[in-house]
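Student: curious how this folds, go ahead:
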Amino acid sequence: MNKYLEDNIEALKKNHNEVIINDDIIERLKGEESVERIVSYDGMMLQSNVEQDKAIQIWCDQFEELKYNSLIIVFGIGSLDYYVEFVNRFPDLITIIFEPCEELFYNNLACDEYVELLSHDNFFFCVGEDKFGKLYYALRSTSGQDDIVNPYYATIPNYAKIFKEEYIHFEEIAINSIRTNVTSRNTDMFHLDVRVDNYLNNLNVIAEESGVAEIQKSLSQIGNLEDYPAILLAAGPSLDKNIKDIKDVKGRAFVICVDAAYNTVIKNGIRPDIVVTVDPIIRADAFREKAGRDLPLVVQMTGSTDIRKMNTGRKFYTTDVDYYLKDVFKECDKPSLWSLATGGSVANSAFAFAMDIGFKRIILMGQDLGFPGNKQHAKDAFLDEKDIDDEDGSYYYVESVDGGQVLTNYIMDEYRSWFERAIELRLEMDVVDATEGGALIKGTEVSTIKEAIDKYCPKERVDFEGYIESADYLFDDEERKFYRNIISKTYEDIDDNIEYLKKAKRDYYKLRDINEKRKYNSKEFKRLVKKVGDHNTYLDENKDITLFKFYCAEKHYECVEALKKVYDDDYDNIKNIVEQGLIMIDAYIDAGKRLKGRWERIKSSHHQ
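Tutor: Here you go, the predicted model:
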């Protein structure tokens, strides 16, 4: 085999399991000792033969002003030499690389040695038959990370011209991801205290519960699971039209109900297999029907504690990318909790849940994504809900499932776009819109629910609820005790961590004094520079400190960004380091105190 190709493929397999190796292309290339790099495609140059090094430098310059924790989304590989230079200059930037042409991807691997580059932690490659699906899920997995900001997308020269259709699709996905990310962050900041309270409460409860992955493991025991659809019940006004038509569907489909649809569904005598809730705050009357409070519940770690307390059934947890809990689970020798994609609504998350646990056909009900008859929800969803006022200028019309028009707004239309992207990217999945009203979701098969049941729901019934009930728990008794000791120690060590930060301030003050005296050759100066570096490592890598970031993430990013500025004079550089370090440590100290106060209040309420 070509030595470059052999070594590169080995590194790729070891470090990038997101890439499904194309054995046909490898077989074709491996017999050639040397492979010429492809420098043009479809009549256009992929790189400059004369000034390639200069072209690479110019391309990398565009990232110079980005924050250290930016997410970079790049269309094309061209030559992997672009990324060798990119990593040399920006080793900390998280980078998603989308390559529309597999042939070009593997040609790179056969032309030069890239083992070091392919071992880099911050790359994710989207290449191959499911490349758009990989892009979508790569963006999903990073969009919830609190320490990733400012998504930025770029393209390798000429790629957007050569691969026009792929680029349009790529750009649409990237732009929508950025838009969704900004909306999500703004919402999270608005509900910050509630999210923290919910998270801390759920940290304790999860020891007795399960994760979403345990549902997938249990359902995988059903040999013919792919024969059964999932029916997703959302709370749109059209749900009133056809909810009674699924009274006899139990066991013939896996029925998922979102929290806002719960009252309507239970009041109509329907018992879904599971309920999904993710929002930090849910209206008090959302779970007023008592008959279904023993149903299993999918819960977000920052999701409503009130709903979780009302429910007596099994709980299955999901989370955003969560560094604290990820590290805790690693100490417990457990895989991380799954995260669910979200387009902003609980119905989006419920749809992602259905996909992730293995269903290949999803039937939508109550997914209006608009306001037919100016109604917001099905009539029993909430008490005393008023019709919308379409005169305020924020509403407009889009195509409806019946070929007419239906009233919607920007938020609902974003949810609709999310569904369309998800459907387009999951080619192996069929989606049937049996809402019988509302906005048209492109890519779905429009049907009545009666027709969908007759066509897609097997006669043989499966006890889905029983499979969920028998799903494994996260911990056994010994593991549960070990987990709780870790959580307890995190709480107990908050004061010690705050004290550490206060002591760290003294080192910054000492460094400031030496800088004023300009004693740069002294042993004390070198010692303090090392200490300051150790403090930064402590903030970045200490598991318990990651919880502080709930309250100081933005300040942390601002300081890190300010530290990127390089001055001509040593005095100014050190002054900047000291000033930003003190600001950052003060922010962490305040965050620690705030976190401790919230946690004490929660612990006190548990003992009452």
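Student: with just CA atoms, put stretch 43-59 into PDB.
Tutor: Output of stretch 43-59 as PDB, limited to C-alpha atoms (Å, rounded to 0.1, in the frame of the first residue of the first chain):
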ATOM      1  CA  GLY A  43     -11.700  22.900 -15.200                       C
ATOM      2  CA  MET A  44     -11.000  25.100 -12.200                       C
ATOM      3  CA  MET A  45      -7.800  25.300 -10.100                       C
ATOM      4  CA  LEU A  46      -7.900  24.000  -6.500                       C
ATOM      5  CA  GLN A  47      -4.600  25.600  -5.700                       C
ATOM      6  CA  SER A  48      -1.900  27.800  -7.000                       C
ATOM      7  CA  ASN A  49       1.100  26.000  -8.500                       C
ATOM      8  CA  VAL A  50       3.400  29.000  -8.100                       C
ATOM      9  CA  GLU A  51       2.400  30.700  -4.900                       C
ATOM     10  CA  GLN A  52       0.600  28.000  -2.900                       C
ATOM     11  CA  ASP A  53       2.400  28.900   0.300                       C
ATOM     12  CA  LYS A  54       1.400  32.500   0.000                       C
ATOM     13  CA  ALA A  55      -2.200  31.500  -0.800                       C
ATOM     14  CA  ILE A  56      -2.400  29.400   2.300                       C
ATOM     15  CA  GLN A  57      -1.000  32.200   4.400                       C
ATOM     16  CA  ILE A  58      -3.600  34.700   3.000                       C
ATOM     17  CA  TRP A  59      -6.400  32.200   3.600                       C
END
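Student: buried set for that stretch?
Tutor: Under the neighbour-count criterion of 16 or more other Cβ atoms under 10 Å, stretch 43-59 has 46-47, 55-56, 59 buried. In short, each C-beta sits where N, CA and C put it, glycine included.
Student: next: stretch 479-486.
Tutor: In terms of neighbour count (16+ other Cβ under 10 Å), stretch 479-486 has its buried residues at 480, 483, 486.
Student: with stretch 343-355 instead?
Tutor: Result for stretch 343-355 [16+ other Cβ under 10 Å]: buried residues 343-355.
Student: any idea how far Val278 is from Ser304?
Tutor: Taking Cβ to Cβ, to the nearest Å as the measure, Ser304 falls 9 Å from Val278.
Student: cool, Lys564 as well?
Tutor: To Val278, Lys564 is 35 Å away according to Cβ to Cβ.
Student: so those two - more neighbours on which side?
Tutor: Shown here are Lys564 and Val278; by other Cβ atoms under 10 Å, Val278 has more neighbours (24 against 12).
Student: circling back: among the buried residues of stretch 343-355, which are located in helices?
Tutor: Counting by DSSP state H, the buried residues of stretch 343-355 place 346-355 in helices.
Student: between the residues you listed, which sits nearest Lys503?
Tutor: Ser349 (42.8 Å; Cβ to Cβ).
Student: these two touch, right, that closest one and Ser339?
Tutor: No: Ser349 lies out of contact with Ser339 (Cβ atoms under 8 Å); the separation is 9.7 Å.
Student: list the residues that contact both of the two?
Tutor: Thr318 (Cβ atoms under 8 Å, 6 or more residues apart in numbering).
Student: how about the contacts made by Ile21?
Tutor: Ile21 makes contact with 9, 12-13, according to Cβ under 8 Å, 6+ apart.
Student: just the buried residues of these.
Tutor: 9, 12.
Student: now flag whichever of the contacts of Ile21 is closest to Ile168.
Tutor: Among the contacts of Ile21, and counting by Cβ to Cβ, the member closest to Ile168 is Leu12, at 28.1 Å.
Student: before we move on, the earlier item: among the buried residues of stretch 479-486, which are in helices?
Tutor: Those of the buried residues of stretch 479-486 lying in helices (DSSP H): 480, 483, 486.
Student: TSV please, covering these and showing pLDDT and distance to His377.
Tutor: TSV is the format used below for these (pLDDT from 0 to 100; distance: Cβ to Cβ, whole Å):
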residue	pLDDT	distance to His377
Arg480	96	39
Tyr483	96	38
Ile486	96	41
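Student: Asp130: which of these is nearest?
Tutor: Taking Cβ to Cβ as the measure, Tyr483 is the one of these closest to Asp130, at 35.3 Å.
Student: identify the residues contacting that closest one.
Tutor: 207, 328, 332, 475.
Student: wait, isn't the first one in contact with Tyr473?
Tutor: It refers to Ala207. No: counting by Cβ under 8 Å, Ala207 does not reach Tyr473; the two are 9.2 Å apart.
Student: and those two? which has more neighbours close in?
Tutor: Between Ala207 and Tyr473, Ala207 has the larger neighbour count (other Cβ under 10 Å), namely 17 against 14.
Student: quick one: pLDDT of the more buried one?
Tutor: pLDDT recorded at Ala207 is 94.
Student: ok, Leu117 next?
Tutor: Value listed for Leu117 in the pLDDT field: 90.
Student: what's the spacing between it and Phe123?
Tutor: 8 Å.
Student: identify the contacts common to those two.
Tutor: When Cβ under 8 Å, 6+ apart defines a contact, the residues bordering Leu117 and Phe123 alike are Tyr83.
Student: ok, the contacts of Tyr483 vs Tyr396, which is closest?
Tutor: Val328 (46.1 Å).
Student: show me the contact partners of the helix or strand harbouring that closest one.
Tutor: Assessed by DSSP states H and E, Val328 sits inside helix 323-331. For helix 323-331, the surrounding residues in contact (Cβ under 8 Å, 6+ apart) are 147, 203, 301, 319, 335-337, 483, 486-487, 490, 543-544, 546-547.
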